[in-house]
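**Q** Dropping the sequence and predicted coords here.
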Number of protein chains: 2
Amino acid sequence: MSDSLSATLTALADPTRRAILARLALGEASVNELAEPFDMTLAAVSKHIKVLETAGLVSRSKRAQWRPCRLEAAPMRDVAALIQSYRQFWEQNLDQLDGYLKTLQTPKSDSKN
Amino acid sequence: MSDSLSATLTALADPTRRAILARLALGEASVNELAEPFDMTLAAVSKHIKVLETAGLVSRSKRAQWRPCRLEAAPMRDVAALIQSYRQFWEQNLDQLDGYLKTLQTPKSDSKN
């Protein structure tokens, strides 16, 4: 029972796959080009690309013989919406930390009320 | 080699764990309370909570005997930053779609010019 948001998050939950997406943000690339920076077999990189494809984060063109991979960012919108719904909580934490740091920095005034 | 961003994304990549976080966004809860809505053993829910704890998305208070679980949203900041870095790509897609829909809606002007 893998919903598409879970599939997107799973696909993103790997540093190699995130590096592949970062490369594709610069433009289309072949599997060979994508594999180049990694100390990994082509098969291993292909497997990562397949996970990204299944999640809809990468598409492969059929027009060229080298079938370039292309970034498809649309599924990330649902991740953004998920994270956005918790924004108040992490901002709250930051505010609290900020407040705490300020109490540390401010010299304590004497007890003149 | 699980980096913390990957751990956060893995923890979020499950509908039960996301439901647990959504419940905790309403306030602290015990493991029993968290387990209640799920058709799952307490052990299975505890396992999900453990994954969330390991990712730093949930903390468990030691002050009360029932050890309430609490939402910790801070690790989501890194997810927000990751997704933010691709925002231009999904907005581009939306713009393209929007442009395309407009060409469908706008009646074609005659070839004056």
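**A** Okay, I see it.
**Q** If you count neighbours, what's buried in the longest helix along chain A?
**A** Under DSSP state H, the helix in chain A containing the largest number of residues is helix A:87-105. Residues of helix A:87-105 classed as buried by neighbour count (16 or more other CB atoms under 10 Å in any protein chain shown): A:89-90. C-betas here are computed from N, CA, C, even on glycine.
**Q** Check stretch A:71-87 too.
**A** Neighbour counts over stretch A:71-87 (16+ other CB under 10 Å) mark A:71-77, A:79-80, A:82-83, A:86 as buried.
**Q** contacts with chain B among these, please.
**A** The subset of those within reach of chain B, by CB under 8 Å from any CB of the partner chain, is A:71-74, A:76-77, A:79-80, A:82-83, A:86.
**Q** Between the residues you listed, which sits nearest residue A:54?
**A** Proximity of these to residue A:54 (CB to CB) peaks at residue A:72, which lies at 11.7 Å.
**Q** quick revisit: now, the ones next to chain B among the buried residues of stretch A:71-87 that are in helices?
**A** Using DSSP H, the subset of those located in helices is A:76-77, A:79-80, A:82-83.
**Q** Adding pLDDT, write those out as TSV.
**A** What follows is those, written out as TSV (pLDDT from 0 to 100):
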residue	pLDDT
A:76	96
A:77	94
A:79	97
A:80	95
A:82	96
A:83	95
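**Q** possible to save the residues you listed as a markdown table with distance to residue A:28?
**A** As requested, these are arranged in a markdown table below (distance: CB to CB, whole Å):
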| residue | distance to residue A:28 |
| --- | --- |
| A:76 | 18 |
| A:77 | 21 |
| A:79 | 23 |
| A:80 | 24 |
| A:82 | 28 |
| A:83 | 28 |
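**Q** what about the lowest-mean-pLDDT helix or strand in chain A, distance to the chain center?
**A** Using mean pLDDT, DSSP states H and E, the weakest-scoring helix or strand in chain A turns out to be helix A:87-105, at a mean of 76. For helix A:87-105, the separation from the chain centroid amounts to 25 Å (computed by CA atoms, centre = their mean, to the nearest Å).
**Q** what's it packed up against?
**A** helix B:76-84 (3 or more CB pairs under 8 Å, 6 or more residues apart in numbering or on different chains; DSSP states H and E).
**Q** close to chain A, is the helix it packs on?
**A** Yes - on the criterion CB under 8 Å from any CB, helix B:76-84 is in touch with chain A at B:76-77, B:79-80, B:82-84.
**Q** Cheers, nothing more for now.
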